[in-house]
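Undergrad: Here you go, sequence then predicted model.
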Amino acid sequence: MVHMVKAVSGNVGPASEEDRKDESAADAFTRLSSSEKGLSDQEAKERLDRYGRNELAERRRSPAVEFLRHFWGPIPLMIMVAMVLSAAVGHWEEFIIIVALLLINALVGFYQERKAGNAIEMLKKRLAPEARVLRDGTWKKTTAAELVPGDVVRVRLGDIVPADVRLFKGEYLEVDQSALTGESLPVEKKENDIGYSSSLVRKGEMDALVVATGHDTYFGRTTKLVGEARSVGHFQRNVMRIGNYLIVIAAILVALVFIAAILRQESLLETLQFALVLTIASIPVALPAVLSVTMAIGAIALAKKEAIVSKLVAIEEMAGVDVLCSDKTGTITQNKLTVDKVIGYGGVDEGQVLLSAALASRAEDNDPIDDAILQRSGSIGSVKSERERYVVNDFVPFDPVIKRTEARVSQDGKEFRVAKGAPQVILGLVEEKDRIGDKVRSDVNDLASRGSRTLGVARQEGGAWKMLGLIGLHDPPREDSAETIKMVSGWDWTSRW
């Protein structure tokens with residue numbers, strides 16, 4: 001535990017990433033003029049005014065600018081040229097029709113994009129994360145956007161880390177930061193480690209000091225880099241290519257008409273009228289409106305499937321995807337572990353292995369592995385009824401160091417211990433590891449070839465641990481995954497399952 005008093009410093013606020021990387025929790029408390037008792041409401045308010053809200057402010061255009069943006073582009077510019085020519089020759093009926101088409105094109109695109117933007121804003125407000133913060137010596141719940149550097153927060157199982165924090169009190173955390181770093185497995189964090197904003201706590205509970213918020217966080221800087229990237233989409237390139245091609249053709253034809261008119265000494269007014277007809281004929285005036293309406297219908301169809309389209313052109317971009325790379329978990333699988341196969345050793349049957357594994361699990365932790373084992377053992381009547389006869393006197397939750405869970409269990413005055421965890425760790429506990437080691441490793445490899453992760457289960461009586469067996473866990477595919485993959489790639493995925 002770190003014991004600090006407030007330091008008087010004028011340099012309060014987020015440090016650079018390099019400075020934050022090497023500093024300890026004690027250094028962070030000093031730099032931020034904070035303590036383990038957190039900030040007062042008044043101090044937090046002052047810092048909020050100074051550093052801004054803990055959120056990624058989006059660069060927004062005014063509605064007027066958004067609307068006027070739809071008048072820019074090759075085809076709108078060609079329509080404007082036709083509009084000017086109509087006015088020049090006094091064809092006001094055509095002028096009004098062209099103006100109406102120009103406005104309809106802009107209004108349809110503007111309305112659909114504003115509607116999609118409003119839906120996203122409502123979703124963001126509904127999903128706004130909360131945080132437990134220590135203010136005026138009392139733990140309070142507040143929105144994560146109200147956090148400031150120097151706040152003390154508590155993060156635990158299931159929480160989204162609300163800002164970049166320096167951990168200073170507690171045993172450990174397991175944090176899933178794959179969305180930021182690409183690491184496929186949760187990362188262990190202990191005192192003085194830093195937790196990144198938007199990562200997900202999988203296990204543990206710790207107190208932490210907020211060291212950076214908003215755009216100063218690791219996530220904020222990453223988002224800024226993505227926002228600075230500029231590219232023209234496939235749809236926009238094609239529309240611009242069509243517009244540029246038509247502009248060039250129309251310009252050449254109009255130029256030829258004027259050259260011929262000059263050589264023939266014809267009336268300029270008659271030439272302008274002919275140029276107007278030629279220009280209007282060259283412009284697909286309904287193309288923007290047709291494209292906008294078509295994509296708007298697609299956006300409505302996607303909205304019914306709970307998909308939000310922020311930009312209408314994204315529909316065409318998605319339709320043009322040839323290869324889609326996706327994370328397996330939760331996308332083509334159910335993101336729900338289930339027991340795939342149970343292997344017993346030394347005459348131990350499936351029920352005995354599941355019983356000991358269930359005794360070494362705790363439902364209130366909401367651990368995916370524990371939940372899968374408890375669900376499977378609960379579906380077997382004999383195991384469920386026998387488990388009720390045991391009393392768990394002591395439970396040791398999963399520790400990343402020892403890589404197992406343990407429980408001290410008693411029944412009718414007889415006490416024993418059970419453990420489940422990484423197969424190599426459980427194998428290292430038992431006396432018969434040399435005799436059954438090759439068999440265990442072979443079974444682990446077989447389960448791995450089925451796409452299952454493996455747990456070892458052991459029981460201790462009279463001081464000696466005995467290997468009971470292995471439990472294979474897997475994440476089953478979604479019901480529609482095989483059909484989707486077969487439809488997209490032509491590969492019959494059902495043969496894998």
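TA: The structure has been received and is ready for your questions. Numbering: from 1, shown residues only.
Undergrad: how about residue 204, secondary structure?
TA: Secondary structure, DSSP: H, G, I helix; E, B strand; the rest coil: residue 204 is strand.
Undergrad: give me the number of residues near it?
TA: For residue 204, the count of nearby residues is 23 (other CB atoms under 10 Å). Where you see a C-beta, it was placed from the backbone N, CA and C, and this is true even at glycine.
Undergrad: Mind listing residues that contact the helix or strand hosting residue 357?
TA: Per DSSP states H and E: residue 357 is located in helix 350-359. Helix 350-359 has contacts (CB atoms under 8 Å, 6 or more residues apart in numbering) with 339, 342-344, 373-374, 376-378, 380, 382-383, 386-387, 390, 392, 407, 409, 418, 420, 455, 457-459, 468-471.
Undergrad: And the next helix or strand past that helix?
TA: Following helix 350-359 in sequence, per DSSP H and E, is helix 368-378.
Undergrad: Need the mean per-residue confidence for whichever helix or strand comes after that next one.
TA: Remark: after helix 368-378, the chain's next helix or strand is helix 381-387, criterion DSSP H and E. Across helix 381-387, the average pLDDT comes to 80.
Undergrad: can I get the CA coordinates of helix 381-387 in CSV?
TA: The C-alpha coordinates for helix 381-387 follow below in CSV (Å, rounded to 0.1, in the frame of the first residue of the first chain):
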residue,chain,number,x,y,z
GLY,A,381,-28.6,-35.4,-11.5
SER,A,382,-26.3,-37.7,-9.5
VAL,A,383,-23.5,-35.1,-9.5
LYS,A,384,-25.9,-32.3,-8.5
SER,A,385,-27.4,-34.3,-5.6
GLU,A,386,-24.0,-35.5,-4.3
ARG,A,387,-22.5,-32.0,-4.4
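Undergrad: Check which helices and strands it sits against.
TA: With contacts taken as 3 or more CB pairs under 8 Å, 6 or more residues apart in numbering; DSSP states H and E, helix 381-387 sits against helix 350-359, helix 368-378.
Undergrad: and it, which residues are buried?
TA: 383-384, 386-387 (16 or more other CB atoms under 10 Å).
Undergrad: re the thing from before, buried subset of the contacts of helix 350-359?
TA: 339, 342-344, 373-374, 376-377, 380, 383, 386-387, 390, 407, 409, 418, 420, 455, 457-459, 468-471.
Undergrad: Okay, residue 63 and residue 69: tell me how far apart.
TA: 11 Å (CB to CB, to the nearest Å).
Undergrad: more crowded one of these two?
TA: residue 69 (14 against 10).
Undergrad: Any idea what residue 454 is bridged to?
TA: Here residue 454 sits in beta bridges with residue 472, going by DSSP bridges.
Undergrad: wait, doesn't it sit right on residue 470?
TA: Yes. Here residue 454 reaches residue 470: they are 5.4 Å apart, a contact under CB atoms under 8 Å.
Undergrad: so what sits against both of these two?
TA: Each of 423, 443-444, 447 lies in contact with both residue 454 and residue 470 under the rule CB under 8 Å, 6+ apart.
Undergrad: Pick the one among these closest to residue 322.
TA: Of all the shared contacts of residue 454 and residue 470, residue 447 has the smallest distance to residue 322: 34.7 Å, by CB to CB.
Undergrad: I'd assumed residue 472 was in contact with that closest one.
TA: Yes. Contact criterion CB under 8 Å: residue 447 and residue 472 qualify, at 4.0 Å.
Undergrad: For these two, list the residues in contact with both.
TA: Listed as contacting both residue 447 and residue 472 by CB under 8 Å, 6+ apart are 340-341, 453-454.
Undergrad: Would you point out which residue is most central in the chain?
TA: With distances taken as CA atoms, centre = their mean, residue 179 lies nearest the centre of the chain, 6.1 Å away.
Undergrad: Without its sequence neighbours, what residue ends up closest to that one?
TA: residue 198 (6.7 Å; CB to CB, 6 or more residues apart in numbering).
Undergrad: would you say that neighbour is within a helix?
TA: No. Under three-state DSSP, residue 198 falls outside any helix and is assigned coil.
Undergrad: returning to what we had before: show me the one of the helices and strands packed on helix 381-387 that comes nearest residue 49.
TA: Taking the helices and strands packed on helix 381-387 one by one with CB to CB, helix 368-378 is closest: 42.2 Å.
Undergrad: CA-only coordinates of that closest one in PDB, if you can.
TA: Extracted in PDB, the C-alpha atoms of helix 368-378 (Å, rounded to 0.1, in the frame of the first residue of the first chain):
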ATOM      1  CA  PRO A 368     -16.800 -18.300 -17.600                       C
ATOM      2  CA  ILE A 369     -14.800 -21.500 -16.800                       C
ATOM      3  CA  ASP A 370     -16.600 -22.000 -13.500                       C
ATOM      4  CA  ASP A 371     -20.000 -21.300 -15.000                       C
ATOM      5  CA  ALA A 372     -19.400 -23.900 -17.800                       C
ATOM      6  CA  ILE A 373     -18.400 -26.500 -15.200                       C
ATOM      7  CA  LEU A 374     -21.200 -25.700 -12.800                       C
ATOM      8  CA  GLN A 375     -23.700 -25.800 -15.600                       C
ATOM      9  CA  ARG A 376     -22.500 -29.200 -16.900                       C
ATOM     10  CA  SER A 377     -22.300 -30.700 -13.400                       C
ATOM     11  CA  GLY A 378     -25.800 -29.400 -12.600                       C
END
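Undergrad: Which residues does that helix contact?
TA: Residues from elsewhere that reach helix 368-378 (CB under 8 Å, 6+ apart): 336-339, 354-355, 357-358, 361-363, 383-384, 387, 405, 420, 455, 471, 473.
Undergrad: just for the stretch 101-250 of the chain, where's the confidence low?
TA: Scanning the stretch 101-250 of the chain for pLDDT under 70 picks out 112-113, 115-128, 182-185, 223-236.
Undergrad: which residue ranges form the strands in it?
TA: 130-135, 138-143, 152-156, 164-176, 187-189, 194-195, 200-212 (DSSP state E, counting those that start in this stretch).
Undergrad: Give the buried residues for the second one.
TA: Taking 16+ other CB under 10 Å as the basis for neighbour counts, the residues of strand 138-143 that come out buried are residue 142.
Undergrad: Likewise for the first one?
TA: For strand 130-135, burial by neighbour count (16+ other CB under 10 Å) applies to 131-135.
Undergrad: which stretches of the stretch 251-400 of the chain have low pLDDT?
TA: Residues of the stretch 251-400 of the chain that meet the criterion pLDDT under 70 lie in 269, 276, 279-290, 292, 303, 306-308, 310-312, 326-331, 365-366.
Undergrad: can you do 80?
TA: Along the stretch 251-400 of the chain, segments meeting pLDDT under 80 span 254, 265-336, 363-367, 381-383, 398-400.
Undergrad: in it, which spans are strands?
TA: Counting by DSSP E, counting those that start in this stretch, the stretch 251-400 of the chain has strands at residues 338-344, 391-399.
Undergrad: JSON lines for those strands, including distance to residue 33?
TA: Shown next, in JSON lines, are those (distance: least, CB to CB, whole Å):
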{"stretch": "strand 338-344", "distance to residue 33": "51"}
{"stretch": "strand 391-399", "distance to residue 33": "35"}
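Undergrad: Nearest to residue 143, out of these?
TA: Closest of the strands of the stretch 251-400 of the chain to residue 143 is strand 391-399, at 30.1 Å (criterion: CB to CB).
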